[in-house]
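> with the input below, show me the fold.
(one chain, ligands or ions: 1)
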Amino acid sequence: MRSWTRPAVPSLAALGLGEGERPSVHDVRSDARAVVPAGRTASMYTCGITPYDATHLGHAFTYLAFDTLTRVWLDAGLDVRTAMNSTDVDDPLLERAARDGVDWRELAEQQQRLFRADMEALRILPPDAWVAVTERIPQIAYGVRRMLDTGDAYTLPVEGDETAHDVLFDTTRQRRFAVGAGSRTDQAEMLELTREFGGEPDRPGKRSPLDPLLWRAERPGEPAWDSPVGRGRPGWHVECTVIAMEELGSPFTVAAGGRDLRFPHQEMQGHHAIALGATLFSDARLNAGLVAFEGEKMSKSLGNLVLVSRLLEQGARPAAVRLALLAHHWRQDFEWRPDELEAAEQRLDRWLAWAEAPDDDPSLAESVVPWLRVTLQDDLNTPAALQAVDAFTRRAPADEGSLAAIDALLGIDLLGVERR
Ligand code: ZN
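Coordinates of the predicted model:
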């Protein structure tokens, strides 16, 4: 589906500033740093939104983290391809639509519009492919059919309807990697998370309580599509597996998402991919930290969402929202405090004043570029990168290379931001 407008990203190499290094980032699967990619091409699949509570600061923080990675990759001169889904048919969306008395398609469309506008305002690089699940139903169903044929999946009758069958993934089958190993999750935690994410661990007939749904047979009042595995709709994990493999091949470089997706979502994506013939789903798996507000993880069900659109309506500059989020390390959970936004607005004002000061002594020939590169290559350390810019603006006049680097790597175009 249509993505959003791509912001311009200056090329530092074209300004004679050379290329950055490939970054080292924390990989969840190995719980260690990995330099990604190994070669000159980089690809990333990011788990997208379920379009019913867009776009809160938790979303923005996640997509900003992977936007930063994309920018570092581009600066390293890599050939980059990215893809993302939108879970535009799923239980939380359907429940919300039913509760509010709106058509689920309208709700999804409206929330995707909002998400697009917010991402564009924040100057987040759009994925090369933004794919709605409803655009790939036949491909996903074909993948599920294939897993049934290979014995990686099995059917369970739907209670009260003898003719309808759900399809589940068999986690008891011998797998190349033990279930849970990829997300460093033990049995008790896996069981708890399966329950929390609606995986029905107690459902009769399951071979393992952890077995996730691949295909949900049609239920009264729910959307459904005809398919080689019966009339129904896709399960949550397999949609990402199929879309990612279609768009990026396998293994691609990085599977990315918020930390709450670590299990079962990302774990099962990886197992589904191998069942579908991949040697490996992705080389690395990255998890962004979660954003809390008023003591709880930000979520629609808790009613503590801080929406990007609301902040912008209230007069926040998008670049300040960006700076407020970049002031936190991408892997670190944090609790949003409204005063952080004002601190970011002030930082932005200081940077703008610096950008307007003339470079009256070019013989200084200093640039913030090496500082930005060195901090960001080190597990995308944006808090350190912001401090490096702070220090630089106190010491040296604005120069073309530094301004371009702040735009290219941090996504802040100081020549385009409005003054307060
Ligand atoms: Zn996903």
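> only C-alpha atoms for contact and neighbour calcs from this point on.
OK.
> check contacts around the residue in the stretch 201-350 of the chain positioned nearest to the ion.
In the stretch 201-350 of the chain, no residue comes nearer to the ion than C240, which is 4.7 Å away by Cα to the ion. For C240, the contact set (Cα atoms under 8 Å, 6 or more residues apart in numbering) comprises C47, N85, Q269.
> try L248
Contact partners of L248, counting by Cα under 8 Å, 6+ apart, are S43, M44, Y45, R81, T82, A83.
> ramachandran angles for it?
Per-residue torsions, L248: phi -120, psi -10 (degrees, to the nearest 10).
> separation between it and R233?
23 Å (Cα to Cα, to the nearest Å).
> ok so, going back, out of the contacts of C240, the closest to G258 would be?
C47 (8.1 Å; Cα to Cα).
> hmm, the closest one is touching M84, no?
Yes - using Cα atoms under 8 Å, C47 is in contact with M84, at 5.8 Å.
> which among the contacts of C240 count as buried?
Among the contacts of C240, those that count as buried by neighbour count (16 or more other Cα atoms under 10 Å) are C47, N85, Q269.
> so the last one, which of the three states?
When the structure is reduced to helix, strand and coil (DSSP: H, G, I helix; E, B strand; the rest coil), Q269 reads as helix.
> surely it is in contact with W236?
No - in terms of Cα under 8 Å, Q269 does not count as a neighbour of W236; the distance is 9.2 Å.
> show me what the lowest-mean-pLDDT helix or strand in the chain is packed against.
Every helix and strand of the chain was ranked by mean pLDDT, DSSP states H and E. The lowest is strand 296-297, at a mean of 86. Using 3 or more Cα pairs under 8 Å, 6 or more residues apart in numbering; DSSP states H and E, no helix or strand is in contact with strand 296-297.
> contacts for it next, please.
Residues from elsewhere that reach strand 296-297 (Cα under 8 Å, 6+ apart): L290, V291, L302, N304.
> what ranges does the stretch 51-200 of the chain have for its strands?
Along the stretch 51-200 of the chain, counting by DSSP state E, counting those that start in this stretch, strands occupy 79-86, 129-132, 153-158, 161-169.
> JSON lines for those, including mean pLDDT?
Below are the strands of the stretch 51-200 of the chain laid out as JSON lines (pLDDT from 0 to 100):
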{"stretch": "strand 79-86", "mean pLDDT": "98"}
{"stretch": "strand 129-132", "mean pLDDT": "98"}
{"stretch": "strand 153-158", "mean pLDDT": "97"}
{"stretch": "strand 161-169", "mean pLDDT": "94"}
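> what's the most buried one of the ones you listed?
strand 129-132 (a mean of 22; mean count of other Cα atoms under 10 Å).
> just checking: what are the partner strands of that one?
Paired with strand 129-132 in the same sheet, following DSSP bridges, are strand 79-86 (parallel).
> the partner strand: how far from the chain's middle?
On the basis of Cα atoms, centre = their mean, to the nearest Å, strand 79-86 sits 10 Å off its chain's mean C-alpha point.
> hmm, who's touching that strand?
If you take Cα under 8 Å, 6+ apart as the criterion, strand 79-86 is touched by 40-51, 70, 73-74, 127-133, 240, 243-244, 247-248.
> out of the residues you listed, which are buried?
Neighbour counting with 16+ other Cα under 10 Å marks 42-51, 70, 73-74, 127, 129-133, 240, 243-244, 247-248 as buried within these.
> could you give the mean pLDDT of the host helix or strand of L352?
Secondary structure from DSSP states H and E places L352 in helix 339-356. In this model, helix 339-356 has a mean pLDDT of 97.
> so R331 sits in a strand?
No - assigned with three-state DSSP, R331 falls outside any strand and is coil.
> V179: how many residues sit nearby?
A count of neighbours around V179, defined by other Cα atoms under 10 Å, yields 24.
> all strands for the stretch 251-400 of the chain, in order.
Counting by DSSP E, counting those that start in this stretch, the strands of the stretch 251-400 of the chain are 252-258, 282-288, 291-293, 296-297, 334-335.
> re the thing from before, the least confident helix or strand of the chain: how far from the chain's middle?
Centre-to-centre, strand 296-297 and its host chain are 19 Å apart (Cα atoms, centre = their mean).
> residue numbering should commence at 6 henceforth.
In the new numbering, first residue 6, that becomes strand 301-302.
> now T168: closest residue in space that isn't a chain neighbour?
Once flanking residues are discounted, T168 sits nearest to P162: 7.5 Å by Cα to Cα, 6 or more residues apart in numbering.
> just checking, the one you found touches R208?
No - between P162 and R208 there is no contact under Cα under 8 Å: 10.9 Å.
> what count of nearby residues applies to S213?
16.
> grab the nearest non-local neighbour of the residue in the chain that the ion sits nearest to.
Nearest residue of the chain to the ion: C52, at 3.8 Å (Cα to the ion). Sequence neighbours aside, G262 is the residue nearest to C52 in space, at 5.3 Å (criterion: Cα to Cα, 6+ apart).
> just the pLDDT for that neighbour.
For G262, the predicted pLDDT is 98.
> contact partners for it?
T51, C52, G53, T67, L291, N292, A293.
> which residues touch the second one?
C52 makes contacts with M89, N90, S91, C245, A260, A261, G262, as judged by Cα under 8 Å, 6+ apart.
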